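K.L.:
3D model of this:
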Amino acid sequence: INPKLFENLPTVYPVFKKINKAIQIDNIKSMIQDKEGIIWIGTYSGVSIFDTESSIKYYNAGLDDGYLLSENMVHGIYEDDEGYLWIGSKYKGIDVLNGNKDKIINISSETMNIFKTDDIYDIDGNKEEIYIATDKGITIINKSSKTYKNYSDFIVSGDKTVKRLLYDDGYLWVGTKEGLYILNLETKESIDLNYIIKKYSYSDNYIGDIFKDSSGEYWIGMFRQGGLIRLNPVDNTVTVYKNIKGNKNSLSNNSIRVISEDNYGNILIGTSFGLNILNKSGDKFLRYTTKYGLANNTIYGILTDFN
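P.N.:
Below you'll find the predicted structure:
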């Protein structure tokens with residue numbers, strides 16, 4: 001554990017570049033809405049920001065002054081309790097944007113030896129702790145104590161790549177390319193949930209997304225055609241949803257990329273072929289594709305505006 005976390009890191013001062021009508025590129029990998037209602041979109045060409053004036057600004061990487069990101073391939077965005085934005089990249093670690101949005105620092109192997117790798121896939125957090133998914137397990141950073149630690153031994157498979165994280169009341173759900181785990185953040189003991197994955201999605205153990213809805217149920221999206229798994233912790237039931245050929249009320253595609261929930265408690269599922277909406281009281285899906293107005297059938301992110 002390094003007690004000098006964040007000390008002596010170079011600081012840069014960002015300059016917004018502004019355009020009026022379009023985001024940087026259509027390949028979107030992550031989206032969040034911050035505490036001020038501003039939408040941040042991570043793409044493979046930097047970060048685009050929809051501000052409260054309905055204009056679009058963006059951060060980029062580059063060698064010239066005014067290009068502030070360490071890399072344009074953004075793989076995760078998380079806002080902590082202080083309003084800091086943690087922006088993960090594909091190969092260059094994490095850029096941290098302060099609450100005033102006027103300073104950025106980079107945390108990577110080039111600035112400090114925190115991560116075992118600079119390949120970032122997802123970011124989550126709780127209070128002073130930041131949880132970071134990499135291709136060599138997870139890294140937990142404590143901002144208050146300025147310490148960090150890497151964890152990977154609980155992942156029993158050879159591939160330690162973590163694709164998705166979900167913080168849940170003292171526990172961290174960890175989705176990898178080869179399975180699903182729950183890490184107790186106090187004891188650091190883990191629960192291996194791969195017996196569920198093997199039973200209900202025997203041909204696919206690649207986790208596409210993990211989501212907890214407002215009623216406390218868990219939804220696991222399988223990325224390689226394994227469909228959608230629903231876990232009810234109250235009655236310990238497991239339900240699996242898959243595409244059924246010829247059934248237009250079934251899931252449109254078995255490759256799940258993202259899961260969310262709307263204002264009415266409906267579950268929103270982004271797949272490799274369309275958006276699906278499930279009313280939890282039944283088992284029928286409403287499907288939306290380019291035929292019904294979507295810009296693309298491959299859904300990378302869903303953001304519900306609760307306003």
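K.L.:
tell me which residues in stretch 259-279 are buried?
P.N.:
259-261, 266-276, 278 (16 or more other Cβ atoms under 10 Å). Where you see a C-beta, it was placed from the backbone N, CA and C, and this is true even at glycine.
K.L.:
Look up how far Ile56 lies from Lys35.
P.N.:
Lys35 sits 20 Å away from Ile56, going by Cβ to Cβ, to the nearest Å.
K.L.:
With Tyr91 instead?
P.N.:
According to Cβ to Cβ, Tyr91 and Ile56 sit 25 Å apart.
K.L.:
ditto for Ile32
P.N.:
16 Å.
K.L.:
where does the chain dip in pLDDT?
P.N.:
Scanning the chain for pLDDT under 70 picks out 1-27, 52-55, 62-67, 102, 306-307.
K.L.:
and the most far-flung residue of it relative to its centre, how far is that from Val258?
P.N.:
Distance from the C-alpha centroid of the chain, by Cα atoms, centre = their mean, peaks at Gly246 (32.3 Å). As judged by Cβ to Cβ, Gly246 and Val258 stand 26 Å apart.
K.L.:
do the same with Val174
P.N.:
With Cβ to Cβ as the criterion, Val174 and Val258 are 17 Å apart.
K.L.:
helix/strand/coil for the residue most central in space within the chain?
P.N.:
The centre of the chain sits closest to Asp122, judged by Cα atoms, centre = their mean, with a distance of 4.6 Å. Classification of Asp122 using DSSP: H, G, I helix; E, B strand; the rest coil returns strand.
K.L.:
Go ahead and confirm it touches Tyr167.
P.N.:
No - judged on Cβ atoms under 8 Å, Asp122 makes no contact with Tyr167 at a distance of 11.1 Å.
K.L.:
Tell me what the residue nearest to the centre of the chain is bridged to.
P.N.:
Per DSSP bridges, the residues bridged to Asp122 are Ala133.
K.L.:
How about the contacts made by it?
P.N.:
75-76, 88, 132-133, 162-165 (Cβ atoms under 8 Å, 6 or more residues apart in numbering).
K.L.:
picking up where we left off before, with neighbour numbers in mind, choose between Tyr91 and Ile56.
P.N.:
Legend: neighbour count by other Cβ atoms under 10 Å for Tyr91 and Ile56, higher for Ile56 (19 against 13).
K.L.:
Could you verify my assumption that that one touches Ser48?
P.N.:
Yes - Ile56 lies in contact with Ser48 (Cβ under 8 Å); the separation is 5.7 Å.
K.L.:
Could you look up the SS state of Ser30?
P.N.:
strand.
K.L.:
residue contacts, the closest residue to it other than its chain neighbours?
P.N.:
The spatial neighbour of Ser30 that comes closest, neighbours along the chain excluded (Cβ to Cβ, 6 or more residues apart in numbering), is Gly42 at 3.9 Å. With contacts defined as Cβ under 8 Å, 6+ apart, Gly42 is in contact with 28-31, 74-77, 87.
K.L.:
go again using 6 Å as the cut-off
P.N.:
Gly42 makes contact with 29-30, 74, 77 under the criterion Cβ atoms under 6 Å, 6 or more residues apart in numbering.
K.L.:
Which single one of those is nearest to Gln225?
P.N.:
Lys29 (20.9 Å; Cβ to Cβ).
K.L.:
tell me which element the residue nearest to that closest one when sequence neighbours are not counted falls in.
P.N.:
Leaving out its chain neighbours, the residue that sits closest to Lys29 by Cβ to Cβ, 6+ apart is Gly42, at 5.0 Å. Gly42 is located in strand 39-43, with elements delineated by DSSP states H and E.
K.L.:
which element follows that strand toward the C-terminus?
P.N.:
Taking DSSP H and E, what comes next after strand 39-43 is strand 46-50.
K.L.:
Run a quick neighbour tally on the spatially closest residue to Leu193 that is not a sequence neighbour.
P.N.:
Spatially, and ignoring its direct neighbours in sequence, Leu193 is nearest to Leu180 (4.4 Å; Cβ to Cβ, 6+ apart). The local packing of Leu180 (other Cβ under 10 Å) involves 24 other residues.
K.L.:
same deal with Asn106?
P.N.:
Neighbours of Asn106 (other Cβ under 10 Å): 23.
K.L.:
Can you point out the helix or strand that includes it?
P.N.:
strand 104-107.
K.L.:
From the chain's centroid, how far away is that strand?
P.N.:
With Cα atoms, centre = their mean, to the nearest Å as the basis, strand 104-107 stands 20 Å off its chain's centre.
K.L.:
Thank you, goodbye.
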